[in-house]
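Asker: I would like the atomic coordinates for the input below:
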Amino acid sequence: MAISDKLKGSGIKIALGFLLFVALLGTFAGGIYAGRQTCSPLPPGDADMALFWETWHTLEDKYADKSKIDHQKMVYGAIAGMVSSLGDPYTSFFDPVDTKKFVEDTAGAFEGVGMEIAVKKGQLQVVSPLENSPAKKAGIKAGDAIIKINATTTSGMTTDEAVD
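Answerer: Numbers count the residues shown, from 1 in each chain. Model prediction:
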């Protein structure tokens, strides 16, 4: 075999190796690009997430009963806390189970006295009576405190318990 034939064979090997390298590099770069497109953006510059993650990892490492750690529940709790920190009684977070219940509860016909309620400052209160409802006709107003339902005090009662 002539030297030129040997060089041709090694040139093909070098070209194939180079093409393989370029293909792998392209795949790697494509993966990074796709990951950046699908991942959530980082919080704004003034939000330091270090304490959040430090707490998360401390719970994972040092919580006494690791069998009780439910990571999904922790995520939902963090989101609920974030939404609650806004202090807006009209903004809330529903996990998937509560979302399903809410959709089912509001999909059909309403029954009851006809008022929207919420817990504000630890007290069950009327947010708004619905038009043409028994609550509106009885003179119930937004901001009225609900102290008892039948003979049961509402102290510590959730809105779901009150509606039920």
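
Asker: all contacts plus neighbour counts: C-alpha atoms, from now on.
Answerer: Noted.

Asker: Kindly indicate whether residue 119 is helix, strand or coil.
Answerer: Classification of residue 119 by DSSP: H, G, I helix; E, B strand; the rest coil places it in strand.

Asker: which ones are touching it?
Answerer: 125, 158-159 (C-alpha atoms under 8 Å, 6 or more residues apart in numbering).

Asker: Now list the buried members of these.
Answerer: Buried by 16 or more other C-alpha atoms under 10 Å: 125, 158, out of the contacts of residue 119.

Asker: a markdown table for the contacts of residue 119, including distance to residue 51?
Answerer: A markdown table is the format used below for the contacts of residue 119 (distance: C-alpha to C-alpha, whole Å):
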| residue | distance to residue 51 |
| --- | --- |
| 125 | 35 |
| 158 | 31 |
| 159 | 32 |
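
Asker: Okay, and which of the contacts of residue 119 map to helices?
Answerer: residue 159 (DSSP state H).

Asker: For residue 118, the count of nearby residues, please.
Answerer: 21 (other C-alpha atoms under 10 Å).

Asker: mind checking how far it is from residue 98?
Answerer: 16 Å (C-alpha to C-alpha, to the nearest Å).

Asker: for residue 119, same thing?
Answerer: 17 Å.

Asker: do the same with residue 20
Answerer: 51 Å.

Asker: Would you verify that residue 64 is located in a helix?
Answerer: No: assessed by three-state DSSP, residue 64 does not belong to a helix; its assignment is coil.

Asker: what number of residues lie near it?
Answerer: 10.

Asker: change the start of the numbering to 225 and stick with it
Answerer: Happy to do that; since the first residue is 225 now, the last one works out to residue 288.

Asker: Quick check: pLDDT value at it.
Answerer: As predicted, residue 288 sits at a pLDDT of 95.
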